[in-house]
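Chemist: Show me how the following folds:
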Amino acid sequence: MSTRYAPGDDRTPIASPNASPTSPSAPTAVSAVPASAPAAPVGRAFDAVLCDLDNVVRFYDTAPLAALERAAGLPEGATTEVAYAPEVDLPLLLGRITPAAWVEAIAAGLTDRVGADRARELGQALADAPFRADEEVVPLLRRARTHVPLVLVTNATLQLDDDLALLGLTDLADAVVSSAVEQVAKPDPAIYRIAAERAGVPAARCLFVDDRQENVDAAAALGMTGVLHREPADLRAALGPCAEWAPRPATGSGEPVGRKR
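Modeler: So this is what the prediction gives:
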C-alpha cells in the first residue's frame, strides 16, 4: 500500500512533540529492569535489546479496509493517509484522545469524499483491523531475553496492554515503553533514553531494532547500535549468538534456563 505510513506501523510522527504533559488516564509505567543480566561476552556490542512493536513483532491485516475503500470509490490507502497525518494521529499516540475520538477525526477528513456514514465506517475499520504476531520474530526475542534485557519501544495507544494480552505477549519483554504512557514518541530522543533506563544499561550498549529509518537514525545518534528491520533474518543477524537460547547449567531438564528475570 502506498501511504504516508506503512499499514500497521507505529505511526512515527514527522515532527517530535515538544510538550510532555501528564495524563491521568495513562497506566503506570513499568519500572526499570533489575541489573541481573550476565556480563557481556567479549565482542558483543550490546547488553540490551530495544525493539519496536509494529511491523517488527505485530502486523495488521488491512485487506478488509482496502475492500471498503474500493467499494467507496477511494484509492487503497486513502483512509490511512488521513488517519496517520500527525495532526490526527499524534494526539492518539500521546494518550490525549481515545480511539473513538481518533475514528471521528478520520471520518471528518473523509466525509467530503464519501459521506459521513461511510467515512465513519472506514475509520472504524482501520481502528478494528485485526493483527497477529510474527511467528519467527517472537521466538527470536524470547531467546534473546535469556541473554540480555528486552524492552519494547513503541508509538502506541493506551490500549497497548490489552493488545499485548490478545497477542499472548504480556510476558515477552522485561519492560514496555509506550508513547501514550510516556507522552513522547519516536523519533524524539527522550523515548530512547527512557527505554535504555528501563533496560538498566547505557544507551551505547543498546541494540535498537525498528522498521523506520528515521527511528533507527535517532537511536544511532544517541550511540545505540541501530538495525533497520525488513525481515526476521535482519533481527537474527543482529542478535548473533543471542538468537539462540542461553547456555544452561546441567539440571536434568530439557528446557533452557536463561538469566534471572
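
Chemist: in the chain, which spans are helices?
Modeler: 63-71, 78-83, 86-93, 99-114, 116-127, 137-144, 160-167, 179-182, 189-199, 213-221, 232-239 (DSSP state H).

Chemist: Tell me the gap between the fifth one and the middle of its chain.
Modeler: Chain-centre distance of helix 116-127: 24 Å, with CA atoms, centre = their mean, to the nearest Å.

Chemist: Repeat that for the shortest one.
Modeler: Its chain's C-alpha centre and that of helix 179-182 lie 12 Å apart, by CA atoms, centre = their mean.

Chemist: ok, back up a step: which one of the helices of the chain lies nearest to Ala48?
Modeler: Among the helices of the chain, helix 189-199 comes nearest to Ala48, with 3.7 Å by CB to CB. Heads up, the C-betas are built off the backbone N, CA and C, glycines and all.

Chemist: what's the closest one in contact with?
Modeler: By CB atoms under 8 Å, 6 or more residues apart in numbering, the residues outside helix 189-199 that reach it are 20, 30-33, 47-48, 50, 149, 151, 153, 174-175, 177, 179, 182, 184-186, 202-203, 206, 208, 218-219, 221-222, 224.

Chemist: Likewise for stretch 56-67?
Modeler: 1, 7-8, 51, 54, 76, 79-80, 122, 125-126, 129-134, 137-138, 141, 152, 163, 167, 169, 172, 209-211, 229, 235.

Chemist: what about it, how long is it end to end?
Modeler: This stretch, stretch 56-67, spans 25 Å end to end (CA to CA, to the nearest Å).

Chemist: same question, stretch 70-88
Modeler: End-to-end for stretch 70-88, by CA to CA: 23 Å.

Chemist: For it, buried residues please.
Modeler: Buried residues in stretch 70-88, defined by neighbour count with 16 or more other CB atoms under 10 Å: 72, 74, 76-86, 88.

Chemist: can you give me how far that stretch is from the chain middle?
Modeler: Centroid separation between stretch 70-88 and its chain, computed with CA atoms, centre = their mean, is 21 Å.

Chemist: Likewise for stretch 153-167?
Modeler: The answer for stretch 153-167 is 8 Å, by CA atoms, centre = their mean.

Chemist: hmm, back to that, of all pairs in the buried residues of stretch 70-88, which one is the farthest apart?
Modeler: Checking the buried residues of stretch 70-88 with CB to CB, the most distant pair is Ala72 and Pro86, at 24.3 Å.
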